[in-house]
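Asks: predicted model and sequence follow; I will ask about them next.
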Amino acid sequence: MRFEEAQRIKNLPPYLFARIEKVIAEKKEAGIDVISLGIGDPDIPTPQHIITELQKQALVPENHQYPSSVGMLSYRQAVADFYNRRFQVQLDPKSEVVALIGSKEGIAHISWCYLNPGDLVLVPDPGYPVYSGGAILAGAEPYYMPLTAARGFLPDFSAIPEDAARKAKMMFLNYPNNPTGAVADEKFYREAIAFAQKYEILICHDNAYSEVSFDGYSPLSFMQIPGAKEVGIEFSSVSKAYNMTGWRIGWAVGNAEVIEALGRFKSNIDSGQFQAVQYAAMAGLSGPQDAVTANNEIYRERRDIVVDGLNAMGWNLEKPKATFYIWAPVPKGFTSASFAEFVIDKAGVVITPGNGYGEQGEGYFRISITMPKERIVEALERMKKNIGQVEF
């Protein structure tokens with residue numbers, strides 16, 4: 001018996017990281033010691049006080065029942081308090097905050113709330129694949145905004161054709177940026193808000209890396225900019241700040257009407273996040289932030305090892321101010337895919353081909369520094385030994 005897939009599933013491209021995981025598994029089965037610098041998943045343990053809070057709350061019988069699909073009010077209050085303390089942004093926890101089962105869930109589902117078949121959504125290219133994936137599943141059409149090195153990997157709103165701008169209903173932005181590591185300033189966000197106001201576009205800002213930064217740089221929240229709450233929302237989570245990617249707990253904040261719609265959608269498709277996990281996230285947001293500082297020092301050291309190592313081989317890279325990613329051009333004679341294959345075949349090191357993030361990612365690759373320092377050093381040594389000097 002053969003079951004015909006729905007067209008919306010057929011329209012989806014294979015998920016990038018699923019392919020990477022398959023390659024890693026195949027190499028390991030062949031007995032190769034693979035060092036994966038592909039997926040951005042913190043290797044540092046979750047802070048102990050967060051784990052202790054989960055253990056404590058897991059024993060409370062009331063937490064074993066269905067949670068609220070929009071999150072406990074105390075959790076939403078903790079998110080609001082975090083925004084007030086970190087960004088000086090005032091949020092109403094009852095109407096301007098909704099809990100998510102990780103920010104990825106909300107990013108995928110917001111398209112279902114506002115996009116109809118045939119609608120246009122503005123998506124950064126290169127960008128996190130879920131922006132376009134959620135839109136495609138909703139029947140909408142992504143319009144890709146090129147992010148180029150010449151513009152600091154910021155979209156050029158003036159280059160968007162008038163007909164596309166008028167047809168667009170949503171726009172995804174993401175700074176600090178995955179995969180490029182680029183950052184945005186207040187001037188850029190003001191331009192984005194003016195563009196959204198002119199064309200009545202909902203901005204969805206992904207701020208997952210706001211707490212991963214270096215050299216004194218402190219990333220902004222989109223919500224800090226005047227007018228942001230009128231035109232958009234922001235997604236984030238505890239995943240990167242507190243090494244909790246597997247815990248699946250995040251939030252969306254901002255425009256009350258949009259937050260309500262997302263919460264209403266969620267109430268029909270999920271039953272919320274386990275309350276013990278919400279309490280654990282609260283312990284992270286409200287507790288000591290020493291772990292965030294310690295994480296960033298670890299990542300800074302790793303960033304320097306990778307950038308200095310690549311530059312010694314012929315690259316000319318600047319050190320990113322935020323995220324745990326290094327975005328680099330492929331050497332002369334390679335495509336993104338062929339260079340990634342070359343590196344794993346010659347050195348047993350996994351890097352992510354840039355074209356997996358969109359057409360504009362062709363010619364680049366991404367390295368994630370979420371591996372122990374010793375393995376990163378070994379990966380760079382393998383690349384230097386087996387690849388040598390490169391040309392561009």
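Replies: Arrived safely.

Asks: measure Y242 to V130 for me?
Replies: Distance of Y242 to V130, computed by Cβ to Cβ, to the nearest Å: 21 Å. Every residue, glycine included, has its C-beta placed from N, CA and C.

Asks: which of the two has more neighbours?
Replies: Y242 (27 against 18; other Cβ atoms under 10 Å).

Asks: contacting residues around the spatially closest residue to that one that is not a sequence neighbour?
Replies: Leaving aside its chain neighbours, Y242 sits nearest to G284 (4.1 Å; criterion: Cβ to Cβ, 6 or more residues apart in numbering). By Cβ atoms under 8 Å, 6 or more residues apart in numbering, the contact list for G284 reads P47, I50, V238, A241, Y242, M244.

Asks: and if we set it to 6 Å?
Replies: I50, V238, Y242 (Cβ atoms under 6 Å, 6 or more residues apart in numbering).

Asks: just those residues: which are in helices?
Replies: Using DSSP state H, the members of those that fall within helices are I50.

Asks: in TSV: the contacts of G284, plus pLDDT.
Replies: Formatted as TSV, the contacts of G284 follow (pLDDT from 0 to 100):
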residue	pLDDT
I50	98
V238	98
Y242	98
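
Asks: possible to save the contacts of G284 as CSV with distance to Y175?
Replies: Below are these laid out as CSV (distance: Cβ to Cβ, whole Å):
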residue, distance to Y175
I50, 26
V238, 19
Y242, 20
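
Asks: closest to G118 out of the contacts of G284?
Replies: Using Cβ to Cβ, V238 comes nearest to G118 of the contacts of G284, at 36.3 Å.

Asks: wait, the closest one sits on A281?
Replies: Yes: contact criterion Cβ atoms under 6 Å: V238 and A281 qualify, at 4.9 Å.

Asks: who touches both of those two?
Replies: Common contacts of V238 and A281 (Cβ under 6 Å, 6+ apart): I249.

Asks: for the protein, which segments count as strands?
Replies: In chain order, the chain shows strands spanning 35-36, 97-100, 120-125, 141-146, 168-174, 202-206, 232-237, 250-254, 325-329, 349-350, 352-353, 364-368, with DSSP state E as the criterion.

Asks: give me the phi and psi for N177.
Replies: phi -100, psi 140 (degrees, to the nearest 10).

Asks: counting neighbours, what do you get for the closest residue in space to it that isn't next to it in sequence?
Replies: Distances taken as Cβ to Cβ, 6+ apart place F153 nearest to N177, at 6.0 Å, with adjacent residues excluded. For F153, the count of nearby residues is 21 (other Cβ under 10 Å).

Asks: contacts only, for F153.
Replies: Contacts of F153 by Cβ under 6 Å, 6+ apart are L147, N177, T180, A182.

Asks: quickly note the distance from it to I101.
Replies: If you go by Cβ to Cβ, the gap between F153 and I101 works out to 29 Å.

Asks: one more: S338?
Replies: Counting by Cβ to Cβ - S338 and I101 are separated by 37 Å.

Asks: ok, now Y144?
Replies: In terms of Cβ to Cβ, Y144 sits 27 Å off from I101.

Asks: ok, these two, which is more surrounded?
Replies: Set Y144 next to I101 and count neighbours by other Cβ under 10 Å: I101 wins out with 22 against 18.

Asks: correct me, but the more buried one touches I249?
Replies: No: the pair I101 / I249 is not scored as a contact, 7.1 Å apart, by Cβ under 6 Å.
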